[in-house]
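Peer 1: give the three-dimensional model of this entry:
(one chain, ligands or ions: 1)
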Amino acid sequence: MVLFTKKKSTEEKIYRRPEPLKTAAPKGRNNYIIIILDSCRYDTFVAANPRTITKLGELEKRYSYASWTAPSHYNLLTGLLPHSSPAQVYASEYYKKDFLKFNERFGVDGFEFKNLVPQMYIPSFMREKLGYTTRAMVSMPVLNPHTPVNTGFDSYKLMDSHNNMAAMLDEMSFSEERPSFYLLNVGETHYPYATPEEPENEWPRIHGVHGVFKHLDDHVVGGKIVDDSEELSFFTQKQLNELKDRQIEAIRYLDGVFEKLFDLVPQNTYITVTSDHGELFGEQGYFGHGPIMHDKVFEVPFLEGKLR
Ligand SMILES: [Zn+2]
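Peer 2: Model prediction:
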């Protein structure tokens, strides 16, 4: 009996809401863009020292609520962006205070945590209550348009390649009538930390891990079962250091893409840049993210603001 068949079609990658939902007259005054540099950990961002991205505002070290892509994106779309982990504060007090920041992001007054009840999902709220056009472009197959993360979006696209933020910019547009919300999940910072110009045959190929990456991809989008028989060998620290350097280089490359983004967005645009989780490069024997309990998998960069 065949339970799963492998097929990949354009329809699987692009979602467009078939009928318009009821939308509010526009109340949001700002376009709002949230950019997730997938797997980008805080200290590699600092080491990359990007000049353009940091024009947005002060760089903060924050902590992701989850250690891998899907729960982390779900969580931030509920409005809980990476947190600052304050001591001696009740969680409810922190949420209340943190949510007030959305007034500045959206350019509205009087928005608070309780306004999101019962759905507790930012895209739906923005669309139905604030009149936003809501769009997502994602790089990681675990966030494909068939997942529950795709709720409340007018359009939602899994990009053709996992590492091309510049291709997302080509598809962005803004209107005078309605403010736009964009979620961009950017994959250059994800393993194997490759920029779009780098030919695939030059990506680091370390026995086992690359295969798992490929299989994971297949498993998620088409149903190919991961072959557990493939033998994994662990990286040497030298290889891990090279991988970390590649993530740093990927951020430097992305800084140039941000320059193009900043030229493209209208004046009233608020942008948040952060990550969904960090990445381990050999600390205490760990590589990557996901089933890892380590500070570095939760430490993420966070910065936001309006350019002008
Ligand atoms: Zn991720």
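
Peer 1: what does the stretch 51-200 of the chain have sitting close to the ion?
Peer 2: For the stretch 51-200 of the chain, the residues in contact with the ion (CB under 5 Å from the ion) are Thr69. Bear in mind the C-beta positions are built from the backbone N, C-alpha and C, glycine included.

Peer 1: the stretch 51-200 of the chain: strands as residue ranges?
Peer 2: 60-63, 133-138, 155-158, 180-186 (DSSP state E, counting those that start in this stretch).

Peer 1: average model confidence for the third one?
Peer 2: It stands for strand 155-158. Strand 155-158 carries an average pLDDT of 97.

Peer 1: so which elements touch that strand?
Peer 2: Helices and strands touching strand 155-158, by 3 or more CB pairs under 8 Å, 6 or more residues apart in numbering; DSSP states H and E, are helix 10-13, strand 14-16, strand 133-138.

Peer 1: and these, which one averages the lowest pLDDT?
Peer 2: The stretch with the lowest mean pLDDT among these is helix 10-13, at a mean of 71.

Peer 1: now do the helices in the stretch 101-250 of the chain.
Peer 2: 122-129, 165-169, 209-221, 237-264 (DSSP state H, counting those that start in this stretch).

Peer 1: other SSEs contacting the longest one?
Peer 2: Right, the one you point to is helix 237-264. strand 31-37, helix 42-48, helix 165-169, strand 280-281.

Peer 1: over to the second one?
Peer 2: With contacts defined as 3+ CB pairs under 8 Å, 6+ apart, the secondary structure elements packing on helix 165-169 are strand 180-186, helix 237-264.

Peer 1: tell me which of these sits most buried.
Peer 2: Among these, strand 180-186 has the highest mean neighbour count (mean count of other CB atoms under 10 Å), at a mean of 25.

Peer 1: chain center to that strand, what's the gap?
Peer 2: With CA atoms, centre = their mean, to the nearest Å as the basis, strand 180-186 stands 8 Å off its chain's centre.

Peer 1: now the angle between strand 31-37 and it, please.
Peer 2: Orientation of strand 180-186 against strand 31-37 (axes from the mean of the first three to the mean of the last three CA atoms, to 10 degrees) gives an angle of 10 degrees.

Peer 1: partner strands of strand 180-186 and their direction?
Peer 2: strand 31-37 (parallel), strand 133-138 (parallel) (DSSP bridges).

Peer 1: out of the helices of the stretch 101-250 of the chain, which is closest to Ser84?
Peer 2: The closest of these to Ser84 is helix 122-129. By CB to CB, the value is 19.1 Å.

Peer 1: quick one: list the elements packing against that closest one.
Peer 2: Where contact means 3+ CB pairs under 8 Å, 6+ apart, helix 122-129 is packed against strand 133-138, strand 180-186.

Peer 1: dump the ones you listed into JSON lines; add distance to Arg246 as well.
Peer 2: Listed next are those as JSON lines, based on distance: least, CB to CB, whole Å:
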{"stretch": "strand 133-138", "distance to Arg246": "21"}
{"stretch": "strand 180-186", "distance to Arg246": "15"}
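
Peer 1: figure out which of those is closest to Tyr90.
Peer 2: strand 180-186 (29.1 Å).

Peer 1: keeping just the C-alphas, turn the closest one into PDB.
Peer 2: In PDB, the C-alpha atoms belonging to strand 180-186 read as follows (Å, rounded to 0.1, in the frame of the first residue of the first chain):
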ATOM      1  CA  SER A 180       1.600  45.700   3.800                       C
ATOM      2  CA  PHE A 181       2.800  43.100   6.100                       C
ATOM      3  CA  TYR A 182       5.700  40.800   5.000                       C
ATOM      4  CA  LEU A 183       7.100  37.800   6.800                       C
ATOM      5  CA  LEU A 184      10.500  36.900   5.200                       C
ATOM      6  CA  ASN A 185      12.200  33.700   6.300                       C
ATOM      7  CA  VAL A 186      15.700  34.000   4.900                       C
END
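
Peer 1: ok, and what's touching it?
Peer 2: 31-38, 69, 73, 77, 123, 126-127, 132-140, 143, 153, 165, 168, 172-174, 254, 276 (CB atoms under 8 Å, 6 or more residues apart in numbering).

Peer 1: can you name the residues that contact Tyr65?
Peer 2: Residues near Tyr65 by CB under 8 Å, 6+ apart: Pro71, Ser72, Asn75, Leu76, Leu80, Pro82, His83.

Peer 1: before we move on, what about Gly107?
Peer 2: By CB under 8 Å, 6+ apart, the contact set of Gly107 is Gly28, Arg29, Asn30, Pro179, Asn268, Tyr270.

Peer 1: can you lay out those residues as JSON lines showing pLDDT?
Peer 2: Listed next are those as JSON lines, based on pLDDT from 0 to 100:
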{"residue": "Gly28", "pLDDT": "89"}
{"residue": "Arg29", "pLDDT": "93"}
{"residue": "Asn30", "pLDDT": "96"}
{"residue": "Pro179", "pLDDT": "96"}
{"residue": "Asn268", "pLDDT": "94"}
{"residue": "Tyr270", "pLDDT": "98"}
